[in-house]
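>>> after the sequence you'll find the predicted model.
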There are 2 protein chains.
Amino acid sequence: MVPQSSDNALDAPHIRDAHEADLPRIVELLAQLSLDAPREWPDEPLPASYLAAFEEIVADRRQRLLVVEAQGRIVGSAALIIVPNLSRQGRPYAIIENIVIDTDARGVGHGEALVRYAIEEARKAGCYKLSLTSNKRRPDAHRFYERLGFQATHEGYRVEF
Amino acid sequence: MVPQSSDNALDAPHIRDAHEADLPRIVELLAQLSLDAPREWPDEPLPASYLAAFEEIVADRRQRLLVVEAQGRIVGSAALIIVPNLSRQGRPYAIIENIVIDTDARGVGHGEALVRYAIEEARKAGCYKLSLTSNKRRPDAHRFYERLGFQATHEGYRVEF
């Protein structure tokens, strides 16, 4: 067995909680999620509302803002939320939201690593499910989730304000 | 204008946060949500896991366990969650889950009152959306949500544990 050099270890993609310094890059990635008109404002200086939201998320022990880092660069992100819940005899559930992998870094397993990490965290937290919603206009994403074991048992309804 | 007597006022259906004493009745209602094998244990004494979950929910300033009370009886319930969020320039979103109206009390507007209340709370909290998922085997529920302005833009995916 050849020991990994520290350089190699640093180069391996890994998943961690986001730091405040990651915010501009995460917002840049979130901007890729829009199918229609732009919804984010990724130009620096970032609107203060992003930092305020980040601080709320970090202070919330039930939510984690995850990033995938590869070769020193953030290539993906997602938010994982564990929700205390009364049904199913009081078992919590988990939600994963805002899943994004940089368009330049797709097809090499980063998304799969991220989602599998979330599945494992949800399981460890005793959740009865990990759920997500995916726009019906994203057939590629649907194939991806189905390959990872997700089933589209539900309709995803929303009212927007 | 005829003033309402206090009896009438008490009889009017209203929406409030659940109390611990409501738990057995809420669990009875949640048991109605199962489309397949029973998932709840509504017989008293209730399993301690329900009370533990209730206490977690009450302690969570982002979640409210709502009940609809009519003529002194709880006829419906739902959980409303406000989630801090980075996307949409840091705007939170809301989720409504475990929506149930007693099978004996349907068709008289309790569900509509409950969901409209949640929409209003989500709006007041500055959310960009209120979302919910509904099993694809519930076409009646889908018509109900669509009538209230919800759109099924997304697929609702889950892995269960």
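Everything's here; your move. Residues are numbered from 1 along each chain as shown, chains lettered A, B, ... in the order given.
>>> any part of the longest helix seen in chain A near chain B?
Under DSSP state H, the helix in chain A containing the largest number of residues is helix A:110-124. Yes. Contact of helix A:110-124 with chain B (CB under 8 Å from any CB of the partner chain) involves A:I119, A:A122, A:R123. Glycine gets a C-beta too; all of them are placed from N, C-alpha and C.
>>> out of the residues you listed, flag the one nearest to A:R158.
A:A122 (22.0 Å; CB to CB).
>>> return the residues in contact with the closest one.
The contact partners of A:A122, by CB atoms under 8 Å, 6 or more residues apart in numbering or on different chains, come to A:L80, A:I82, A:Y93, A:A94, A:K129, A:L130, B:F161.
>>> again, 10 Å this time
Applying CB atoms under 10 Å, 6 or more residues apart in numbering or on different chains, one finds that A:A122 lies in contact with A:80-82, A:92-96, A:128-131, B:159, B:161.
>>> as JSON lines, these with neighbour count would be great.
JSON lines is the format used below for these (neighbours: other CB atoms under 10 Å in any protein chain shown):
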{"residue": "A:L80", "neighbour count": "24"}
{"residue": "A:I81", "neighbour count": "22"}
{"residue": "A:I82", "neighbour count": "21"}
{"residue": "A:P92", "neighbour count": "21"}
{"residue": "A:Y93", "neighbour count": "23"}
{"residue": "A:A94", "neighbour count": "25"}
{"residue": "A:I95", "neighbour count": "24"}
{"residue": "A:I96", "neighbour count": "24"}
{"residue": "A:Y128", "neighbour count": "19"}
{"residue": "A:K129", "neighbour count": "19"}
{"residue": "A:L130", "neighbour count": "26"}
{"residue": "A:S131", "neighbour count": "24"}
{"residue": "B:V159", "neighbour count": "20"}
{"residue": "B:F161", "neighbour count": "15"}
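>>> so which of those is the closest to A:P38?
Taking CB to CB as the measure, A:P38 lies nearest A:I96 of the contacts of A:A122, at 23.2 Å.
>>> sec struct for the closest one, please.
strand (DSSP: H, G, I helix; E, B strand; the rest coil).
>>> where exactly do the helices run in chain A?
Using DSSP H, the helices of chain A run over residues A:6-11, A:23-30, A:48-59, A:87-90, A:110-124, A:139-147.
>>> now mean pLDDT too, for these, in TSV please.
Below are the helices of chain A laid out as TSV (pLDDT from 0 to 100):
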stretch	mean pLDDT
helix A:6-11	46
helix A:23-30	98
helix A:48-59	97
helix A:87-90	98
helix A:110-124	98
helix A:139-147	97
